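> Dropping a prediction and its sequence here:
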Number of protein chains: 2
Amino acid sequence: MLELRKDQYFSEAGKISRQVGFVLDGVVRVCYYNNKGEEITKYFIDENNLVVDIESFDNEICSSAYVQAITDCTLLCFNKRDWQELLNTIIGWDAMVHRMVAKALIQKVERRSPLVTEDATERYLKFLEIYPNIVNRVPLAYIASYLGITQSSLSRIRKNIQ
Amino acid sequence: MLELRKDQYFSEAGKISRQVGFVLDGVVRVCYYNNKGEEITKYFIDENNLVVDIESFDNEICSSAYVQAITDCTLLCFNKRDWQELLNTIIGWDAMVHRMVAKALIQKVERRSPLVTEDATERYLKFLEIYPNIVNRVPLAYIASYLGITQSSLSRIRKNIQ
DNA sequence: GGAATCGTTTGCCATTTGGCAAAAAGCGGT
DNA sequence: ACCGCTTTTTGCCAAATGGCAAACGATTCC
């Protein structure tokens, strides 16, 4: 069990991610800095979802992204040993995890892809569909950086929608 | 072994995808139609890559995308029975496939995500990095629809770069 | 109850991209 | 070489978005 305060990191770019988390309460985001130094939010993770950089965790390579709490958070937290134990204890755990991970990855693609080809307003509407419980809990700047628009644009779009 | 001619479909939206393909020669794309009826290219797949709608194949649900040959293609092709046979015959096949699939999914996210937050020129440059062997083999309209810009814009961008 | 801090909205204008249609270029068939 | 078809480029103008700074609003801390 891990408590994170707003703005604390669960894992950081450039380090190996050695823990699998499961969000019990709060919202977390995965973000990175592009080559212009802009901070980009890649996705949000809220309650009852796994948070892990699977490439980093599995292959023990450095992660390329930060995982940051954006509200105070409570996470279940497993290290490799715990994880291995679950694997040995629970029949079918391995297969189940594979499914969950595959499903989560597919979801990430399906959520991110449409953003590329839509205009800013539609992106925001998609965001609202996908993350209905997040809008009011995180700063607008993070949402803007998720959508690939400036926060002034997002503010104006909000106004236009009502 | 399956030969597809330019423009033929490997699998179609609304149908269950019952085959796993492996591209031996040619280029294939995955595409769909958004709610404005615009055709969107989600990604390209060229030689030595797997092509499968894993959700549709695994869970026998309808696919939401088309897989279309955009050059004449040669594919290795497995149906569920073949696939099962490989699974039973080759020790470690299952684990290997899980890895390949996870890796491919991660790659899709990593390739698609950056496009959201970059301007049109940078998207095109990223495309060139990611798919260096595809530019000259597919119509510009498909690339534009992959990048989420119009083909006139892409044409102008090309000119500006040289 | 201020003061400081952080987040959001707005105004102004420059830049980017889209829409549409016409022109130009490329390509295969005869 | 010519014709018909498809793809790509270009011109013109409109619409969307960005950049920047100031104003406004909310929240926290003393």
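Looks like it arrived, so ask away.
> Can you pull the phi/psi pair for residue A:42?
Recorded main-chain torsions at residue A:42 are phi -90, psi -40, according to degrees, to the nearest 10.
> for residue A:146, that is, sorry about that
Torsion angles at residue A:146 (phi, psi; degrees, to the nearest 10) stand at phi -70, psi -40.
> how many other residues sit next to it?
Under the neighbour criterion other CB atoms under 10 Å in any protein chain shown, residue A:146 is assigned a count of 28. Every residue, glycine included, has its C-beta placed from N, CA and C.
> Next, count neighbours for the spatially closest residue to it that is not a sequence neighbour.
With CB to CB, 6 or more residues apart in numbering or on different chains as the measure, residue A:41 is the residue that lies nearest to residue A:146, at 4.1 Å, once sequence neighbours are left out. When neighbours are counted by other CB under 10 Å, residue A:41 registers 23.
> before we move on, what about residue A:36?
By the measure other CB under 10 Å, the count of residues near residue A:36 is 9.
> Can I take it that it is in a strand?
No - secondary structure of residue A:36 (DSSP: H, G, I helix; E, B strand; the rest coil): coil, not part of a strand.
> Tell me the pLDDT of it.
The predicted structure scores residue A:36 at 86 on the pLDDT scale.
> try the one 5 residues further on
On the pLDDT scale, residue A:41 is placed at 96.
> How about residue A:99?
88.
> can I assume it sits in a strand?
No - assignment of residue A:99 by three-state DSSP gives helix, placing it outside any strand.
> now residue A:50: how far from residue A:95?
Here residue A:50 is placed at a distance of 15 Å from residue A:95 (CB to CB, to the nearest Å).
> quick one: which of these two has more around it?
Neighbours per residue (other CB under 10 Å) separate residue A:50 from residue A:95, with residue A:50 holding more: 16 against 11.
> How many residues are close by the closest residue to that one other than its chain neighbours?
For residue A:50, ignoring the flanking residues on the chain, the nearest one in space by CB to CB, 6+ apart is residue A:22 at 5.6 Å. A count of nearby residues for residue A:22, using other CB under 10 Å, gives 17.
> Tell me where chain A has strands.
A:2-4, A:9-11, A:19-25, A:28-33, A:39-45, A:50-51, A:66-69, A:73-79 (DSSP state E).
> any chance of those strands in JSON lines, plus distance to DNA strand D?
Written out in JSON lines, the entries for the strands of chain A read as follows (distance: least, CB to the nearest atom of the strand, whole Å):
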{"stretch": "strand A:2-4", "distance to DNA strand D": "17"}
{"stretch": "strand A:9-11", "distance to DNA strand D": "20"}
{"stretch": "strand A:19-25", "distance to DNA strand D": "17"}
{"stretch": "strand A:28-33", "distance to DNA strand D": "15"}
{"stretch": "strand A:39-45", "distance to DNA strand D": "12"}
{"stretch": "strand A:50-51", "distance to DNA strand D": "25"}
{"stretch": "strand A:66-69", "distance to DNA strand D": "16"}
{"stretch": "strand A:73-79", "distance to DNA strand D": "16"}
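> between the ones you listed, which gets nearest to residue A:142?
If you check each of those against residue A:142 by CB to CB, strand A:39-45 wins as the nearest, at 5.1 Å.
> now the angle from that closest one to strand A:19-25?
Orientation of strand A:39-45 against strand A:19-25 (axes from the mean of the first three to the mean of the last three CA atoms, to 10 degrees) gives an angle of 70 degrees.
> Could you spell out the sheet neighbours of strand A:39-45, each with its direction?
When pairing is defined by DSSP bridges, strand A:39-45 lines up against strand A:28-33 (antiparallel).
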